[in-house]
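I'll drop the sequence and a predicted model, then ask my questions.
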Amino acid sequence: MKKLILIVIAFATLQVSAQEQKREMKKQHRTDNANYSPEESVQLQTKRLTLVLDLNEKQQKEISTLFLEEATLRQSKKEAFSEVKAKAENNSLTKEDRLKIKNDRLDHLIDLKKKMKTILSTEQYDKWGKMRLKQHKNRKQLKARN
């Protein structure tokens, strides 16, 4: 009986340490990705999509320019958001500010989908849509855990 209890305790300890190590690796991965310039991250994104969707040269160039626009826009919006948040009292946005940010983001995503639809073939677009949906689900699950 004592041996069984010791085995269970040892297994639980190993499980907890493995989970901690996994969290640390994810945290390090996020900080590693944050150190890339917009051009570098665009290059990586384009290559990843090329591998998954089998893009041709023309599609790679178009997607690369589109992603570069996205990255620069994201950077400018991030800076503008931090300025607005700094001006706001007690570090919170008003309901109108949050609504405007969400509407802008959704409008931008709709525009991105339209542009991707013109660049990709129907099979590639479907595969890209499924990838985006899977990424969205994974992000939601990750947020729920934290």
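That came through fine. Residues are numbered from 1 along each chain as shown.

And the helices in the chain, which stretches?
2-34, 38-53, 57-87, 95-119, 122-145 (DSSP state H).

any idea which of those helices is most buried?
Most buried of these, by mean neighbour count (mean count of other C-beta atoms under 10 Å): helix 38-53, with a mean of 15. To be clear about C-beta, it is placed using only N, CA and C from the backbone, and glycine gets the same treatment.

coming back round to it: could you dump the helices of the chain to a markdown table with mean pLDDT?
Shown next, in a markdown table, are the helices of the chain (pLDDT from 0 to 100):
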| stretch | mean pLDDT |
| --- | --- |
| helix 2-34 | 73 |
| helix 38-53 | 88 |
| helix 57-87 | 85 |
| helix 95-119 | 89 |
| helix 122-145 | 83 |
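
who touches the closest residue to Ser64 other than its chain neighbours in this structure?
Closest residue to Ser64 apart from its sequence neighbours, by C-beta to C-beta, 6 or more residues apart in numbering: Thr46 at 4.7 Å. Residues near Thr46 by C-beta atoms under 8 Å, 6 or more residues apart in numbering: Leu55, Gln60, Ile63, Ser64, Phe67.

Of those, just say which sits nearest to Glu24.
Within the contacts of Thr46, the smallest distance to Glu24 is 29.2 Å, found for Phe67 (C-beta to C-beta).

what's the distance between that closest one and Ser41?
Note on Phe67: its distance to Ser41, by C-beta to C-beta, to the nearest Å, is 8 Å.

can you check Thr13 too?
Separation of Thr13 from Ser41 (C-beta to C-beta): 38 Å.

and if you look at Gln141?
Distance of Gln141 to Ser41, computed by C-beta to C-beta: 23 Å.

need the contacts of Thr46 in a markdown table with distance to Glu123, can you?
As requested, those are exported to a markdown table (distance: C-beta to C-beta, whole Å):
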| residue | distance to Glu123 |
| --- | --- |
| Leu55 | 12 |
| Gln60 | 17 |
| Ile63 | 16 |
| Ser64 | 21 |
| Phe67 | 20 |
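
Show me which of those is closest to Lys100.
Checking the contacts of Thr46 against Lys100 by C-beta to C-beta gives Phe67 as the nearest, at 24.6 Å.
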